[in-house]
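Q: got a sequence here, can you build the structure:
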Amino acid sequence: MIQIVEANSKKLMREFVKFPFSLYKNHPYWVPPLIADELAGFDAKQNPAFETADAFFYIAFKDNEAVGRIAVIINWDEVNKQEKRKVRFGWFDFIDDIAVSQALLEKVYEIGRKHNLLYAEGPMGFSNLDKVGMITEGYDEIGSMITWYNYPYYSRHLEKLGYVVEKEYLENKFPFANVLPEMYEKIEDLVKRRYQLRPMNFTKTKDIMPYVDQMFDLFNGSYSDLSSFVAINDSQKAYFKKKYISFINPEYIKFVFDKDDNMIAFSIVMPSFSEALQKAKGKLFPFGLFHLLNARKHSKKVLFYLIGVTPEYQNKGVTAIVFSEYYKTFKAKGITDCIRTPELSDNHAIHNIWKNFDPVTFRKRATFRREL
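A: Okay, here's the model as predicted:
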């Protein structure tokens, strides 16, 4: 007998967050989140995503033991402004028992139908800056702090339950040795002179903060044409500024400005925290913070988290300026590997940016859809 319980108390929400720790205990490729960070993200008083979204959290129990979980999300901006009558689901984990996954997904349908929505899609979070997608290929690679890991049986369950792939995402990587400065030095110089552009680098986080709102505006503008995009609002900008920017090495954030001091490109890179988070086991204290700070300073792997160019400057070689600045930074730090976070397979503009570095696709993931 499967029992589905709403996680509507602090105790149950903690159980919701901690369920994957038992499901993936000692798994070599699963990267545990920080428990406190997850709980904060699910708190309507702390996460401004709840200003424009509703979320419901459920745990599946079998014989009084937790055997699965799911978050059901309605992004009302997506429903009302974009007219996508979709109910989202995410943070979807379960044992290899289709009765469990089916019972959890029934809560998605129940909530979707209650609000006259037409289809379900997931796994995905509240916004485009949340985790997205279920792994469909590439299970033997370590995850990252900004992706979900899952067992191969997850997608088989969805297929049996009538889901089809809605969007496919690719994860790619390349060795830093593939980045040859002669590839873009001439282009960089030409683009700078032709469009009167200048890069901006940082060594202190406090110097970045005055530009972050402008960066998120550029993010909204440069990604607006993607099929899955929902713009982030001012409250979310402030939230992500606090949550992420202070955590990233300031020298890993690059901006490009035009002659009128308008930001026309940005890029955010993060050191890989995967091994550090595995050692932390979900907790900052007593030793987790040490592992994370050590990775922040010494990791030789980096993740390209976000890169954006304002539409009027796309396809004009602006990324040559960005890569030139990163080349200097990475060479000084002894970086060995560059990893790209999930990118839509049909986002050809972003794939063209990386093609000269001979990237290898090491993982595929997808969101799945079912009509209600």
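
Q: ok, the helix or strand containing residue 308: who's next to it in the sheet?
A: For residue 308, the element it lies in under DSSP states H and E is strand 301-309. Strand pairing for strand 301-309, using DSSP bridges, gives strand 263-271 (antiparallel), strand 337-344 (parallel).

Q: show me what counts as buried in the worst-scoring helix or strand of the chain on mean pLDDT.
A: Ranked by mean pLDDT, DSSP states H and E, the helix or strand of the chain with the weakest confidence is helix 348-354, at a mean of 81. If you call a residue buried by 16 or more other Cβ atoms under 10 Å, then helix 348-354 has these buried ones: 350, 351, 353, 354. The way it works is simple: take the backbone N, C-alpha and C, and place the C-beta from them, glycine included.

Q: coming back round to it: and after the strand holding residue 308, which helix or strand comes next?
A: Following strand 301-309 in sequence order, the next helix or strand is helix 319-333 (DSSP H and E).

Q: report the buried residues of that next one.
A: 319, 320, 321, 322, 323, 324, 325, 326, 327, 329, 330, 333.

Q: residues in contact with the last one?
A: Under the criterion of Cβ atoms under 8 Å, 6 or more residues apart in numbering, the contact partners of residue 333 comprise residue 300.

Q: any idea how far it lies from residue 300?
A: As judged by Cβ to Cβ, to the nearest Å, residue 333 and residue 300 stand 8 Å apart.

Q: kindly report the same for the fifth one.
A: Summarising the geometry, the distance separating residue 323 from residue 300, computed by Cβ to Cβ, is 18 Å.

Q: how about the strands in the stretch 151-300 of the chain?
A: For the stretch 151-300 of the chain, the strands defined by DSSP state E, counting those that start in this stretch occupy 164-175, 198-200, 253-257, 263-271.

Q: those into CSV, with extra columns for mean neighbour count, mean pLDDT and distance to residue 131?
A: Converted to CSV, the strands of the stretch 151-300 of the chain look like this (neighbours: other Cβ atoms under 10 Å; pLDDT from 0 to 100; distance: least, Cβ to Cβ, whole Å):
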stretch, mean neighbour count, mean pLDDT, distance to residue 131
strand 164-175, 18, 97, 11
strand 198-200, 14, 96, 29
strand 253-257, 22, 97, 21
strand 263-271, 22, 95, 14
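
Q: so which of the ones you listed is nearest residue 92?
A: Residue 92 lies closest to strand 164-175 among the strands of the stretch 151-300 of the chain, at 14.4 Å (Cβ to Cβ).

Q: which residues touch that closest one?
A: Residues from elsewhere that reach strand 164-175 (Cβ under 8 Å, 6+ apart): 121, 132-133, 136, 138, 147, 227-228, 336-346, 351, 354, 357-370.

Q: from those residues, which land in helices?
A: Taking DSSP state H as the definition of helices, the contacts of strand 164-175 contribute 351, 354.

Q: buried ones among the contacts of strand 164-175?
A: Looks like those have 121, 132-133, 136, 147, 228, 338-344, 351, 354, 357, 359, 363-370 buried, using 16+ other Cβ under 10 Å.

Q: could you dump stretch 236-253 to CSV, C-alpha only?
A: Taking Å, rounded to 0.1, in the frame of the first residue of the first chain, the C-alpha atoms of stretch 236-253 are listed here in CSV:
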residue,chain,number,x,y,z
GLN,A,236,14.2,36.9,-7.9
LYS,A,237,17.2,39.0,-9.1
ALA,A,238,17.8,40.0,-5.5
TYR,A,239,17.5,36.4,-4.3
PHE,A,240,19.9,35.0,-6.9
LYS,A,241,22.3,37.8,-6.2
LYS,A,242,22.5,36.8,-2.6
LYS,A,243,22.4,33.1,-3.2
TYR,A,244,25.0,32.7,-6.0
ILE,A,245,27.1,35.8,-6.7
SER,A,246,28.9,35.9,-3.3
PHE,A,247,29.6,32.2,-3.7
ILE,A,248,31.4,32.5,-7.0
ASN,A,249,35.0,33.5,-7.5
PRO,A,250,34.8,37.2,-8.6
GLU,A,251,37.5,36.6,-11.2
TYR,A,252,35.1,34.0,-12.8
ILE,A,253,32.5,36.6,-13.7
